[in-house]
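Peer 1: with the sequence up front, the predicted model follows.
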Amino acid sequence: MWVGEQAALRETVERVADCNVPGKPASSGGKRPIARRTRVWPDGQGCRLPATKSGPACDRGAIAVPRLTVIDAIELARPDDWHVHLRDGELLRAVVGHTARQFGRAIVMPNLRPAVVTVADALAYRDRILGALAPGVDFQPLMTLYLTPGTTTADVEAAVRAPHVHAIKFYPAGATTHAEAGVPDVLACSQVLRAMQHHGLPLLCHGESIDPHVDVFDREATFVRETLPRLIDAYPGLRIVLEHVTTAEGVAAVEAAPENVAATITAHHLAYDRNAMFAGGLRPHMYCLPVLKRAHHRAELVRAATSGSSKFFLGTDSAPHLRGAKEASCGCAGIFTAHAALEFYAGTFASVGALDRLEQFASRAGAEFYGLPVASERVRLGREAWTVPAKYDVGDGELVPLGAGESLPWRLLV
Ligand code: DOR
Ligand code: ZN
């Protein structure tokens, strides 16, 4: 059971207890079952429940008694994934359907080998992604270019003209999987950054220090302290996304920054803290970069994601690696989450009684940041337990998904 679900159960039990206190509305009849109405639960300030067909209004609204309502279904505009790794070839064909089932659009990361550096590379990759989809599947890959020391202002201008290219991704050289083509110092890319600022092309940052003396758990906080403020000061109009933010420091920096600075948050960083990597032994399938952090960082991520802020939006960083590459003496960083991303996000939002904010986070804030329309199509998630497969086959190999073999309480209803 993942951390968020434990919290959800604890909270449910506490609120059930609240509901059973004497003096509740007559309809409660003492020990009453959890209400199955689609309403958010109160925030502790008092009961806000109006009358519905299935029950009367709370008669104690004025005297602040919380009362339980569990949401058992939610409908929202079709969400987008603003950060995903789809890979190429056989692995692309194995994973793209998962993302396309969950999301209408996705910002596709360019860290292939060789990297997606030019618009021509991006358009060819886009064609391969579309070609890997089953016939009739409606999904839009939104392409990105990989920032290298050789990237020019002409590349930026070509990207701006290309309708399917939406951003440039900055990897600090060597910071993570396939990041060796990245740049050692992003601030040295002044002409490119000026052109991006001028044209409004977003810079997507893998925000980690590559100073070898910095502890792996401090790499994001160091980047946020030493590099991000200089980037924001030098290019005040540059649209920046701090990708997969994982720390309280990162959240605070984004909140304090102007509107043009935002962040994506993954499902796994919301659901787990770093203990998950060591639960009963070493868990390679829980290893990603930036690495999972302490519980108090997770709490800040949950607060930010569920705040309703337009600065934080969904980006799974779903990053598939075959089992053999994960269960190795030097295993790859990356967690595959595309099979159940929305279910994990819904579980986290439910755990803090914030399902009414999921649409803002999953379907609206990112579209607004990228200047794209919110989807008119809608999807439904239901509280309906299901078991995540232990693995997905990929040719002769296997992919181990997040939550393999575990039961999840939420399900995307398609
Ligand atoms: O865990 C990660 N995996 N972090 C990244 O930044 C890259 C990704 C990948 O491509 O595997
Ligand atoms: Zn990534």
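Peer 2: Noted; the coordinates are in hand. Ligands and ions are numbered 1, 2, ... in the order given.
Peer 1: what's in contact with the strand or helix carrying residue 381?
Peer 2: Assigned by DSSP states H and E, residue 381 belongs to strand 378-387. Here strand 378-387 makes contact (CB atoms under 8 Å, 6 or more residues apart in numbering) with 70-79, 342-343, 346, 350, 405-414. Backbone N, C-alpha and C define where each C-beta goes, glycine included.
Peer 1: would you mark the buried spots in stretch 390-402?
Peer 2: For stretch 390-402, burial by neighbour count (16 or more other CB atoms under 10 Å) applies to 392, 394, 397, 398, 399, 400, 401, 402.
Peer 1: what segments of the chain are strands?
Peer 2: Using DSSP state E, the strands of the chain run over 73-77, 81-84, 105-108, 140-146, 165-170, 203-205, 240-242, 261-265, 312-314, 378-387, 392-394, 397-399, 407-413.
Peer 1: out of those strands, which one sits most buried?
Peer 2: strand 81-84 (a mean of 29; mean count of other CB atoms under 10 Å).
Peer 1: elements contacting it?
Peer 2: Identification of packing neighbours for strand 81-84 by 3 or more CB pairs under 8 Å, 6 or more residues apart in numbering; DSSP states H and E yields helix 89-102, strand 105-108, strand 312-314, helix 365-370.
Peer 1: as CSV, these with distance to ligand 1 would be great.
Peer 2: Shown next, in CSV, are the helices and strands packed on strand 81-84 (distance: least, CB to the nearest ligand atom, whole Å):
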stretch, distance to ligand 1
helix 89-102, 11
strand 105-108, 11
strand 312-314, 16
helix 365-370, 18
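Peer 1: turn these into a markdown table, columns for mean pLDDT.
Peer 2: What follows is the helices and strands packed on strand 81-84, written out as a markdown table (pLDDT from 0 to 100):
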| stretch | mean pLDDT |
| --- | --- |
| helix 89-102 | 98 |
| strand 105-108 | 99 |
| strand 312-314 | 99 |
| helix 365-370 | 98 |
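Peer 1: contacts only, for whichever residue of the stretch 301-414 of the chain sits closest to ligand 1.
Peer 2: Proximity of the stretch 301-414 of the chain to ligand 1 (CB to the nearest ligand atom) peaks at residue 334, 3.1 Å away. Contacts here follow CB under 8 Å, 6+ apart; on that basis residue 334 touches 85, 177, 287, 288, 289, 317, 319, 320, 321, 326.
Peer 1: leaving out sequence neighbours, find the closest residue to it.
Peer 2: Ranked by CB to CB, 6 or more residues apart in numbering and with sequence neighbours excluded, the top spatial neighbour of residue 334 is residue 319, at 3.0 Å.
Peer 1: could you report the neighbour count for that neighbour?
Peer 2: By other CB atoms under 10 Å, 27 other residues sit near residue 319.
Peer 1: show me the contacts for it.
Peer 2: 85, 177, 288, 333, 334, 335, 336 are the contacts of residue 319 under CB under 8 Å, 6+ apart.
Peer 1: and residue 174, how far is that from ligand 1?
Peer 2: 11 Å (CB to the nearest ligand atom, to the nearest Å).
Peer 1: just give me the neighbour total for that residue.
Peer 2: Neighbours around residue 174, by other CB under 10 Å: 12.
Peer 1: which of the contacts of residue 319 tops the neighbour count?
Peer 2: The contacts of residue 319, ranked by neighbours (other CB under 10 Å): first place residue 336, 28 neighbours.
Peer 1: surely that residue and residue 398 touch.
Peer 2: No - at 10.7 Å, residue 336 does not count as touching residue 398 under the criterion of CB atoms under 8 Å.
Peer 1: which bits of the stretch 101-250 of the chain sit near ligand 1?
Peer 2: 111, 176, 177, 178, 206 (CB under 6 Å from any ligand atom).
Peer 1: outline the domain layout of this structure.
Peer 2: 1-70, 78-370+378-413 (automatic domain parsing).
Peer 1: rank the ones you listed by pLDDT, which is bottom?
Peer 2: Ranked by mean pLDDT, the domains of the chain end with domain 1-70 at the bottom, a mean of 38.
Peer 1: may I ask which two of the buried residues of stretch 390-402 are separated the most?
Peer 2: Farthest-apart pair in those is 397 and 402; separation 17.4 Å (CB to CB).
Peer 1: first-to-last residue distance for stretch 255-262?
Peer 2: The straight-line separation of the ends of stretch 255-262 (CA to CA, to the nearest Å) is 8 Å.
Peer 1: so for it, what gets flagged as buried?
Peer 2: Those buried within stretch 255-262 under the rule 16+ other CB under 10 Å are 257, 260, 261, 262.
Peer 1: stretch 287-296 too?
Peer 2: Buried, per 16+ other CB under 10 Å, within stretch 287-296: 287, 288, 289, 290, 291, 292, 293.
Peer 1: ditto for stretch 359-375
Peer 2: In stretch 359-375, counting by 16+ other CB under 10 Å, buried: 359-367, 369-370, 374-375.
Peer 1: got the CA positions of stretch 406-414 in PDB?
Peer 2: Extracted as PDB, the C-alpha positions of stretch 406-414 are listed here (Å, rounded to 0.1, in the frame of the first residue of the first chain):
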ATOM      1  CA  GLU A 406      -0.800  -4.100  -6.000                       C
ATOM      2  CA  SER A 407      -4.400  -3.100  -5.700                       C
ATOM      3  CA  LEU A 408      -5.300   0.600  -6.500                       C
ATOM      4  CA  PRO A 409      -8.500   2.100  -5.300                       C
ATOM      5  CA  TRP A 410      -9.100   4.400  -8.300                       C
ATOM      6  CA  ARG A 411      -9.700   3.400 -11.800                       C
ATOM      7  CA  LEU A 412      -9.900   5.400 -15.100                       C
ATOM      8  CA  LEU A 413     -13.300   4.400 -16.600                       C
ATOM      9  CA  VAL A 414     -13.000   4.200 -20.400                       C
END
